[in-house]
Structures are given as C-alpha cells and as structure tokens.
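> structure for the following, please:
(one chain, ligands or ions: 1)
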Amino acid sequence: MNAITQTAVAESPAASAIDPTELRRCLGSFVTGVTVITVLDEDGKPIGMTANSFNSVSLDPPLIVWSLRTNARAYPVYSTAKRFVVNILSEEQVDVSNRFAKSGPDRFDGVATTPGIGGVPMIDGCAAHLECRTEATYPGGDHLLFLGRVERIVGSARKPLAFGAGKYMVVHPYDSGADIASGSGHVATLNAVHLARPILEDLNRETDKTVGLGVWGNLGPTLIWWIEARKALDVRLRCGMVLPLLGSSTGKVFAAFSEPQLTARYLDAEIAAVQHLEGAPFKTREAVEEHLGLVREHCLASIYDAIIQDVNERGVNAVSAPVFDAAGAIVLALTMMGESATFTEHDPAVAKLRDAARRLSARLGYRK
Ligand SMILES: Cc1cc2nc3c(=O)[nH]c(=O)nc-3n(C[C@H](O)[C@H](O)[C@H](O)COP(=O)(O)O)c2cc1C
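Numbers count the residues shown, from 1 in each chain. Prediction:
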C-alpha cells in the first residue's frame with residue numbers, strides 16, 4: 001500500500017460519525033453525467049456497468065478516474081482488465097443506464113456496439129467515448145478506484161444524460177446563448193420562456209400545484225404553457241388562451257406592471273362590461289388602480305373563485321408573480337392555481353412561486 005492509499009483510507013473520528021444514507025443524499029447534490037464502463041473478460045465476453053463516479057483527473061497526461069464497488073459481481077473482471085471504455089451516455093439512453101445497473105442475463109442483448117481498441121465494446125448512441133488503458137488502481141474503502149489513461153476519444157453532438165439526487169436529468173444551458181442580461185422586449189420574453197420552463201417544472205414537482213406561464217400576447221395576457229398538479233383541476237386550460245386583465249391573476253400582474261398605454265383599452269373594455277353587474281368590484285378606474293397598487297406593493301396578484309366562460313364551471317383560486325427583464329419590464333407571469341376551498345395566497349407553496357419569479361428575474365439580469 002503506498003502513501004497515497006494510506007491517506008485515502010485513514011479514518012478520522014469525524015468520518016466514522018457520518019451516516020451513509022445522509023452521505024449518499026448529500027453527494028446526490030453533486031450532479032454528474034452517467035457512464036457505462038465496458039471491458040472484456042478473459043474469454044473476450046463484453047461486460048458493462050453503469051457508473052457515475054467517473055471524473056477527470058489530468059489533461060497532460062490524459063487521466064480519468066472512476067470507482068467500482070468491491071462487492072460488484074464483475075469486480076474480478078474489472079480489477080484485472082487492462083483496458084476499458086468510458087461510454088458517456090446521451091440524454092436518450094436512460095434505458096441503457098438502467099439496463100447496465102441491474103442484474104440481467106445479458107446486459108448487451110439488443111444493445112448496438114462498435115468494437116474499440118482491443119475489441120472493447122463502445123455503445124452506439126453515446127454522447128462521447130473515452131478509450132482507456134488501466135494506469136493504476138487504488139483501494140478506496142468499499143470501492144476500488146481506477147485511474148485510466150485516455151488513448152482515444154470519440155465525441156458526438158449528442159447531449160449528455162445527467163444524474164443527481166437519485167434522478168436522471170437532462171441538461172439545459174444556464175442561458176440560451178443570447179445575451180440575456182442585456183436583452184429586452186420580445187427577445188427577453190423568448191429567453192424568459194426558455195428559462196422559465198425548468199423552473200416551473202421544479203415548482204410543480206416541489207409543490208404539486210398546477211403552475212402556468214403567461215406572456216403579453218397580441219391580444220393581452222396569454223397563457224402559453226402549464227403543468228397540472230397530480231390531482232388535476234377541473235379547468236379546461238388551453239395553450240394560447242387569452243385571459244382577462246381583471247378576471248385572472250395573470251392578467252392582474254400584467255395590468256399592474258405593464259406600461260399604462262398598453263393596458264388602457266383592455267381595462268376600459270373590462271370596466272365597461274361590468275357596469276350593469278351588481279357588486280362587481282372593478283366598476284371604476286379608481287377601484288382598479290387601488291387594487292393594482294396592492295398588486296405592485298406585494299409583487300403578487302391573486303384571484304378567488306375565478307370562473308372563465310368555457311374554461312371552468314367551478315371557481316378556482318390563482319396567484320401570479322411577475323418576472324422582469326434587465327430593463328425592468330414585465331416579461332412573464334408565473335401562476336399557481338388551486339381549488340378555491342383549499343388554496344390561498346397564504347399557502348406555503350406561494351412563497352416558492354414568488355421565489356421562482358425572483359430567481360428568474362435575476363437570471364434575466366433584473367437587479368432590484
Ligand atoms: C446512475 C448510476 C450510477 C452508478 N454508479 C456506480 C459507480 O460509480 N460505481 C459502482 O460500483 N456502481 C455504480 N452504480 C451501480 C452499479 O451500476 C450496479 O451496482 C451494478 O451494475 C450491479 O451489478 P451487479 O449486480 O452485477 O453487481 C450506479 C448505478 C446507477 C443507476
């Protein structure tokens with residue numbers, strides 16, 4: 001055992017106090033790619049195993065590392081193999097990852113491969129391949145570390161699969177390539193839509209609420225996308241649905257934060273349409289302005305028991321938060337909907353909605 005190895009296995013009192021489940025959970029916040037490491041056994045039979053412990057070590061010389069559980073069934077093959085291939089899986093290969101992580105009669109059944117150096121199989125359809133020679137192995141607790149010298153690389157334009165917190169993920173760039181921070185107007189809206197989708201997906205997963213995305217279209221506030229809660233609301237949402245300014249929470253945030261000349265004619269029309277209705281809240285411009293002032297103050301709009309013709313018969317509650325671009329203009333409304341009996345703006349999920357809108361604005365370069 002060399003000095004490096006001894007350092008690696010030396011156990012400090014603090015280390016022994018670490019709970020393995022907690023450690024696994026914590027390590028899950030380090031998102032990785034997913035690989036299948038392939039080798040040939042001594043009879044020339046292909047062996048493969050899913051591994052996300054792969055990482056880079058050195059560019060010159062070109063070295064990489066990955067680690068294998070010492071009680072893996074194929075441990076004897078890997079620990080003596082002279083060469084291996086790191087198949088970096090693409091986002092279309094979740095089934096390949098699952099196949100090579102589970103015990104099965106033959107993991108290579110039906111998997112297309114191409115022989116690499118020494119005949120070691122390279123799985124077709126990967127994001128990239130690294131063909132390696134085993135440079136050294138080091139014991140590391142219940143794993144064995146493999147240091148590999150890269151002898152050939154094969155790239156592709158495919159997007160890699162990612163893995164974190166026990167889940168497969170697809171990767172999206174932090175920005176869409178455009179200069180988001182300086183974008184404004186229609187470009188900023190497009191960028192915002194692009195960035196908002198994964199954020200809304202997270203919000204929906206974390207809160208199990210129906211969440212939606214609204215923009216200012218050519219006929220006013222427009223719902224362009226939504227994700228249902230597991231228990232779907234009794235609402236017939238439609239992509240491209242134009243919403244009222246005062247009869248929807250999405251509409252209210254646009255009414256509160258858009259330039260007045262953009263919203264005036266819509267507001268006037270909605271005010272005129274309710275003149276004959278007894279008890280309608282927004283019969284005057286003053287009443288509307290007072291309400292929009294509160295929306296501006298709280299940076300949040302809500303609507304209770306909303307019913308939109310041809311969309312829903314049973315009232316729903318909705319809360320919306322504005323998203324601003326670098327120039328401070330509203331570009332999106334993020335909306336959360338729930339049953340009127342249970343969902344209000346005091347729901348803890350609304351704090352997450354507000355936070356998502358704030359983070360999105362910051363990503364678009366809004367600084368306030
Ligand atoms: C995403 C993912 C990453 C994995 N990473 C590793 C790894 O780095 N090292 C390892 O030993 N096992 C890893 N595993 C588990 C092995 O793939 C799995 O234990 C092995 O294929 C089981 O084979 P066996 O039952 O024949 O021993 C991973 C599994 C998954 C799903």
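> for this protein, longest helix please?
helix 185-207 (DSSP state H).
> mind exporting that helix as PDB, just the C-alpha atoms?
Only the C-alpha atoms of helix 185-207 are listed here, as PDB (Å, rounded to 0.1, in the frame of the first residue of the first chain):
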ATOM      1  CA  GLY A 185     -38.600  43.300 -25.400                       C
ATOM      2  CA  HIS A 186     -39.500  40.200 -27.400                       C
ATOM      3  CA  VAL A 187     -36.100  38.600 -27.200                       C
ATOM      4  CA  ALA A 188     -36.200  38.900 -23.500                       C
ATOM      5  CA  THR A 189     -39.600  37.200 -23.400                       C
ATOM      6  CA  LEU A 190     -38.300  34.300 -25.500                       C
ATOM      7  CA  ASN A 191     -35.300  33.900 -23.300                       C
ATOM      8  CA  ALA A 192     -37.500  34.100 -20.200                       C
ATOM      9  CA  VAL A 193     -39.900  31.400 -21.600                       C
ATOM     10  CA  HIS A 194     -36.900  29.200 -22.300                       C
ATOM     11  CA  LEU A 195     -35.500  29.700 -18.700                       C
ATOM     12  CA  ALA A 196     -38.900  29.500 -17.000                       C
ATOM     13  CA  ARG A 197     -39.800  26.000 -18.100                       C
ATOM     14  CA  PRO A 198     -37.400  24.000 -16.000                       C
ATOM     15  CA  ILE A 199     -38.000  26.400 -13.100                       C
ATOM     16  CA  LEU A 200     -41.800  25.800 -13.400                       C
ATOM     17  CA  GLU A 201     -41.200  22.100 -13.600                       C
ATOM     18  CA  ASP A 202     -39.300  22.200 -10.300                       C
ATOM     19  CA  LEU A 203     -42.000  24.300  -8.800                       C
ATOM     20  CA  ASN A 204     -44.700  21.800  -9.900                       C
ATOM     21  CA  ARG A 205     -42.700  18.900  -8.500                       C
ATOM     22  CA  GLU A 206     -42.000  20.600  -5.200                       C
ATOM     23  CA  THR A 207     -45.500  21.900  -4.500                       C
END
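> for that helix, packing partners?
strand 210-217, strand 220-227, strand 330-339, helix 348-363 (3 or more C-beta pairs under 8 Å, 6 or more residues apart in numbering; DSSP states H and E). (Glycine included, C-beta is placed from N, CA and C.)
> mean confidence for the longest one?
Looking back up the chat, that one is helix 348-363. For helix 348-363, the per-residue pLDDT values average out at 94.
> up against the ligand, what does the stretch 1-150 of the chain have?
By C-beta under 6 Å from any ligand atom, the residues of the stretch 1-150 of the chain that approach the ligand are 34, 49-53, 67-69, 72-74, 97, 101, 103.
> out of the residues you listed, which sit inside strands?
Members of those lying in strands (criterion: DSSP state E): 49-51, 67-69.
> surely K368 and A327 touch.
No: here K368 does not reach A327: they are 11.4 Å apart, not a contact under C-beta atoms under 8 Å.
> more neighbours: which of those two?
A327 (14 against 7; other C-beta atoms under 10 Å).
> those strands in the stretch 51-200 of the chain, which residues are they?
Counting by DSSP state E, counting those that start in this stretch, the segments of the stretch 51-200 of the chain that form strands are 55-58, 63-69, 83-88, 113-115, 121-123, 128-140, 143-155, 161-164, 167-170.
> please identify the most buried of those strands.
By mean neighbour count, with neighbours taken as mean count of other C-beta atoms under 10 Å, strand 83-88 ranks first of those at a mean of 25.
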